[in-house]
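Asker: Give the three-dimensional model of this entry:
(chains A and B)
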Amino acid sequence: MTPGSAKRILIVEDEWLIAMVIERTLINAGMVVAGKTGTVEKALQLIGGTHCDAVVLDANLGGRSAEPVADFLITRGTPFAVVSGYASSYRSGALATAPYLGKPFDAARLVEVVGGLVI
Amino acid sequence: MKQIAAWPALDVLDRTSAGQVKRAAKAVFWAVLVGVLYFVGARVGLAFLAKPEGVAVFWPASGIAAGMLVRLGRQATLPVFSGVFVATIAANLLGDRNLSLAVVFGFCNGGEALLFGWLLARDRDGHQFDNLKGVLRFFLALALSTAMMAVVAALAIRLAGASHAEFVTIWQMWWASDAIGIVAFAPMFIALADRPGEPLLREEFLEGTLVVAALTVAACTNCFTSSLDAAWWQPVPFATIFPLLLWAAARCRTIFLAVGLMVVALVIVLAVTAGHGQFGNQSIPIGERVFAARVTIASFAFCGLVLIAVFNDRRTTLDAMRVSEQRFSRLAATAPGIIYTFRLDKDGRRTIPYASPTLTPIMGLTPAEVRDSADAAFVAIHPHDVGNVNARIVHSLRDMTPFHAQFRYRHPTRGEIWLEGHSNPVREADGAVMWHGFMQDITARKVADARLGMLMGELDHRAKNLLAVVQAVAFHTAAEENPNQFADTFNLRIASLAASHDLLTRSAWEGVDLATLIRSQLGHFAHLLGTRIILEGPAVTLKASAAQAIGMALHELATNASKYGALASDEGEVRISWSRGDRLAIGWIERKGGVVAPPAKFGFGHKVMVEMLEYELDASVGLDYASTGLVWQFSAPCRAILEANCAIVLQGAP
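Answerer: As a prediction, this is how the structure comes out:
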């Protein structure tokens, strides 16, 4: 992957510590983190105002479902992966359609899933 | 053998000497009573000799002896026998018979009562006249006992030469008069033990007396209206007595029927002896009239006792059914659910012929509303579940296996509830199938199940989230610490997380008091609280999410102070103060810790104190490495980080 073709990824995750790990992992894999945020409102703003190739989306943002964000991403045609501590069977609606990454995750698997989104 | 309480029993089990005296006294009492009664009976029998031949139509004494023995029970064998024995000898010696013959007669009469009692007492349960079997046994026992003792008596008479009649004739006369005596008098004594537990009501007594009076009047009218010898009159005696027997049997206690039968027998015997009416018609030979009288008495007695046995049997069955029905309805009313029968006719009609009264509180329907059609119940089943319920009914019907289903039901006032039914199918003679079963409200269980499932999911989520946080802490710590220090730094950070988590668990994730959180994060500096570490601020309760982040920041601040700041020296002080308005402001101000300079490179700790709080709590954080000491100032909107309900405050935690 050359720097010129580096993919821009947006991180939507309410735990800063985890957002930082995702960020570091993606950067190490040669991707660019276009932004990171932890609430539904900020995520919708950020997605609307930033160019990105894919999104890593936490299914639960500060106790709220991230479904509106997922809906918005589907409308825009932006691919995304869902990260969640809930078992995959708990996902509903738009969240159920995307690739799923259970918490805690390992770095290689994260890169593989996000990489799969932007090929 | 049943005995009414007022009737003294012979207690064979009382083996004390006082008991023996008492028992002996009782035995003598009974012997004397039986003897006196027997003697009177014998005199009555002799008084009712048919004139002019002097034939005894019946021998009432036999009935008295037999009835008394049955009434008193087996323990009375000896008193009854001796009473009868002595009375017979006395009665005979008053007449013209010799002593040896009187002794044989005494033996015959006493033995007759014992034999009757012995034949009757086998296989007895309940009262003698409670069922047809008992009545038939009564007649069989009296016929056999009198017939056998008549043989002995007839032999004795022949051997003594006291009569010139044929042996068979003597035997037959003895047998018939004793048998009719028992038929007429014994039932009265036996019937005294009828229904011992039930007191005789005034109405019952009056009605019974009326029946006896009516029978007496009817018998007297029939037997003593000698002017009516016309052919049309012949069947009238029978026609009028039978309805009265039916009345007595159907409505009254056995004793009234027995007394009525005795009165009728006495009247008939009186008519024969006094020469009145049909039975006293002198133009007919005495032998034929006596025969007719005996047959009539026996027929009335047989008819009356059979009737009362049939009615008693029926009443016993009805009583048992009533007790069973009462027990069932009491159980049904207290069962924690509905006991029901569901019926499916061959034409597909569904009914609920029986449902316990609990149907109303549980399903909001009265048993009457579903008795003729179960539709009202089926309509209220949740549309998503009704198909399953019907399928299970069909399955149960096809294989005749138990029905079981759980389904949602729309209760008219309680809203949606969960019901669970269990029942077993039974095929009826008309081709319909009846399910007998039990229906329970399982709403509370379903709600608890759902809540438990949710809690398990939530627990799983929190555990995994926490592991991800631990993973992240390890990741960040490893990124900046050298391997020698990694373990120490990592362990302290995890301990800090654990302390926050501990507080959250104790408040069931409902929030954490800020002061308590600060104390928990100060770790081994807690002993400086109140001296070198000052806490100042109102009670505020942080949300669970904010507590973890602020807890981690406080941990990093304390770690930093202990390495480079106020807690690294012996004099340094930390003042932690907070206030709340629209925003919650927290200040961490270090003093007297010596000269402070900004670090050359901001590490992970710095990011946690500033960036993490800004990111997660929408906070603004200022960090000033002033020369007098580090100053950390945090502020964030209250609605984002404080529990709305601040009543839940964990005070006094370590």
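Asker: can you pull out the strands in the chain?
Answerer: You didn't pick a chain, so chain A it is. A:8-12, A:32-37, A:54-58, A:60-61, A:64-65, A:80-84, A:100-102 (DSSP state E).
Asker: Oops, wrong one, chain B.
Answerer: B:49-50, B:55-56, B:338-344, B:350-355, B:403-411, B:415-427, B:433-441, B:512-513, B:533-536, B:541-542, B:573-580, B:583-591, B:620-626, B:629-637.
Asker: Can I get the strands of chain A in JSON lines including mean pLDDT?
Answerer: Listed next are these as JSON lines, based on pLDDT from 0 to 100:
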{"stretch": "strand A:8-12", "mean pLDDT": "94"}
{"stretch": "strand A:32-37", "mean pLDDT": "92"}
{"stretch": "strand A:54-58", "mean pLDDT": "93"}
{"stretch": "strand A:60-61", "mean pLDDT": "87"}
{"stretch": "strand A:64-65", "mean pLDDT": "86"}
{"stretch": "strand A:80-84", "mean pLDDT": "90"}
{"stretch": "strand A:100-102", "mean pLDDT": "87"}
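Asker: closest to residue B:557 out of these?
Answerer: Among the strands of chain A, strand A:32-37 comes nearest to residue B:557, with 24.1 Å by Cβ to Cβ. In this view, the C-beta of every residue, glycine as well, is placed from N, C-alpha and C.
Asker: Which strands and helices lie in contact with the closest one?
Answerer: On a contact count with 3 or more Cβ pairs under 8 Å, 6 or more residues apart in numbering or on different chains; DSSP states H and E, strand A:32-37 meets strand A:8-12, helix A:16-28, helix A:40-49.
Asker: could you redo those as CSV and give each row distance to chain B?
Answerer: Below are those laid out as CSV (distance: least, Cβ to the nearest Cβ, whole Å):
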stretch, distance to chain B
strand A:8-12, 11
helix A:16-28, 4
helix A:40-49, 9
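Asker: what about residue 43, neighbour count?
Answerer: You didn't pick a chain, so chain A it is. Residues lying near residue A:43 (other Cβ atoms under 10 Å in any protein chain shown) number 27.
Asker: try chain B instead
Answerer: Residue B:43: 15 neighbours (other Cβ under 10 Å).
Asker: for residue B:241, same thing?
Answerer: For residue B:241, the count of nearby residues is 23 (other Cβ under 10 Å).
Asker: Equivalent analysis for residue B:582, please.
Answerer: For residue B:582, the tally of surrounding residues (other Cβ under 10 Å) stands at 8.
Asker: what sits against it?
Answerer: By Cβ atoms under 8 Å, 6 or more residues apart in numbering or on different chains, the contact set of residue B:582 is B:637-638.
Asker: Okay, it and chain A: tell me how far apart.
Answerer: Using Cβ to the nearest Cβ, to the nearest Å, residue B:582 is found at 19 Å from chain A.
Asker: What does that residue show for phi and psi?
Answerer: phi -70, psi -30 (degrees, to the nearest 10).
Asker: any idea how far it lies from residue B:642?
Answerer: 11 Å (Cβ to Cβ, to the nearest Å).
Asker: just residue B:24 next, same as before
Answerer: The gap separating residue B:24 from residue B:642 is 99 Å, by Cβ to Cβ.
Asker: Between these two, which is the more surrounded one?
Answerer: Neighbours were counted for residue B:24 and for residue B:642 using other Cβ under 10 Å; residue B:642 has more, 20 against 10.
Asker: tell me which residues form a beta bridge with that one?
Answerer: residue B:542 (DSSP bridges).
Asker: In this structure it contacts residue B:543, no?
Answerer: Yes - taking contacts as Cβ atoms under 8 Å, residue B:642 lies within contact range of residue B:543: 6.5 Å.
Asker: who's in contact with the closest residue to residue B:424 other than its chain neighbours?
Answerer: Among residues not flanking residue B:424 along the chain, residue B:402 sits closest, at 5.2 Å (Cβ to Cβ, 6 or more residues apart in numbering or on different chains). Listed by Cβ under 8 Å, 6+ apart, the contact set of residue B:402 reads B:396, B:422-425.
Asker: ok, of those residues, which one's closest to residue B:415?
Answerer: Of all the contacts of residue B:402, residue B:415 sits closest to residue B:422, with 24.0 Å by Cβ to Cβ.
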